[in-house]
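Asker: okay, sequence plus prediction incoming.
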Amino acid sequence: MAALSDAELSGFSRLMFEAAGITLAPSKKALVEGRLSKRLHALGLSSFTAYLQHLRQDPTERQQAIDLLTTNETYFFREPRHFAYLSERIVPQADASRPFRVWSAACSSGEEPYSIALVLAERMGQRPWEIVASDISTRVIEQARRAIYPMERAEKIPQPYLKAFCLKGTGAQEGYFTLQPAIRERVRFAVINLNAPLPDIGLFDLVVLRNVMIYFHADTKRAVCRRLLDVLRPGGHLFIGHSESLNGLDLPVRSIQPAVYQKPQ
């Protein structure tokens, strides 16, 4: 099998940009080659050019390529200041007359929405709440729905949450844990492409899109954020990654603290 050429990398970059708004930098060449070579072998193709042609004709395989090229680094309670702000500032001020709704818009394998769910389970008491969790990758959405994680993934979960809401596996599931059904049933998963018109998912009090916009051009960032803000209630909050910023995007939000924004009332 021939190595990935610069021209072929440009082809995959165009595909990813068209499908997901993600730009593959030249520095990603080894990653692209490593992740896609197994698909060439499985399909009996001799070159990445042949695979690119195949992707244009096979939407199922195209989704698989997107799954493979989407980076999904995540863990429970990543960027803990966000969870403290949710617990201490947002929840106490939430409108008690209706369900509190959160959208985890790039949820990967589920650690982010389930972390949010643990905070809400503790802080909301008997008040209704729900989480919509989405990703462009069908593979990680299926992992998130299963909600079964190796025990080492629990190390960032605060002990009170572990004891109150998590279940340790036994027998065939020894070495793994999951979350109580009462937690899991509050989280609804969907495959959503943020670079396309959004499905009817309702309005939210909090939208979380963290560590995704680093892959977007400014125009793509602006378009994605405007879609998110369209479904954010007035006074609602937007969380982004701590390495990201909305500066210069001319969006109708105000900065509250690093990586926390609020839509005006």
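Answerer: Structure's in. What do you need? Numbers count the residues shown, from 1 in each chain.
Asker: where's residue 3, which helix or strand?
Answerer: Here residue 3, judged by DSSP states H and E, is contained in no helix and no strand.
Asker: do the one 4 residues further on as well
Answerer: Counting by DSSP H and E, the secondary-structure element that holds residue 7 is helix 6-20.
Asker: what is the burial count for the closest residue to residue 28 other than its chain neighbours?
Answerer: Leaving out its chain neighbours, the residue that sits closest to residue 28 by C-beta to C-beta, 6 or more residues apart in numbering is residue 9, at 7.7 Å. The way it works is simple: take the backbone N, C-alpha and C, and place the C-beta from them, glycine included. Residue 9 has 18 neighbouring residues, counting by other C-beta atoms under 10 Å.
Asker: who touches residue 9 in this structure?
Answerer: By C-beta atoms under 8 Å, 6 or more residues apart in numbering, the contact set of residue 9 is 24, 26, 28-29, 32.
Asker: report the rounded mean pLDDT for the helix or strand following the helix holding residue 7.
Answerer: Counting by DSSP H and E, the next helix or strand C-terminal to helix 6-20 is helix 29-43. Helix 29-43 carries an average pLDDT of 89.
Asker: elements contacting helix 29-43?
Answerer: Helix 29-43 is packed against helix 6-20, helix 48-57, helix 59-69, with contacts defined by 3 or more C-beta pairs under 8 Å, 6 or more residues apart in numbering; DSSP states H and E.
Asker: the strands in the chain, which residues?
Answerer: Along the chain, the stretches classed as strands by DSSP state E are 100-104, 129-135, 149-150, 166-168, 176-179, 187-191, 204-209, 232-240, 254-257, 260-262.
Asker: pairing partners for the longest one, with directions?
Answerer: Here the strand partners of strand 232-240, with direction, are listed using DSSP bridges: strand 204-209 (parallel), strand 260-262 (antiparallel).
Asker: got the contact list for that strand?
Answerer: So strand 232-240 is contacted by 82, 90, 203-210, 213, 225, 228-229, 246, 253, 256, 259-265 (C-beta under 8 Å, 6+ apart).
Asker: select only the buried ones of the residues you listed in ChimeraX?
Answerer: To isolate the buried ones among the contacts of strand 232-240 in ChimeraX, judged by 16 or more other C-beta atoms under 10 Å, type:
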select :82,90,204,205,206,207,208,209,210,213,225,228,229,246,253,259,260,261,262,263
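Asker: what bits of the stretch 1-150 of the chain have low per-residue confidence?
Answerer: 1, 71-72 (pLDDT under 70).
Asker: give me that answer again for 80
Answerer: When residues are selected by pLDDT under 80, those of the stretch 1-150 of the chain lie in 1-2, 19-23, 67, 70-73.
Asker: figure out which of the strands of the chain is closest to residue 16.
Answerer: strand 129-135 (14.7 Å; C-beta to C-beta).
Asker: since that was my last question, I'll sign off now.
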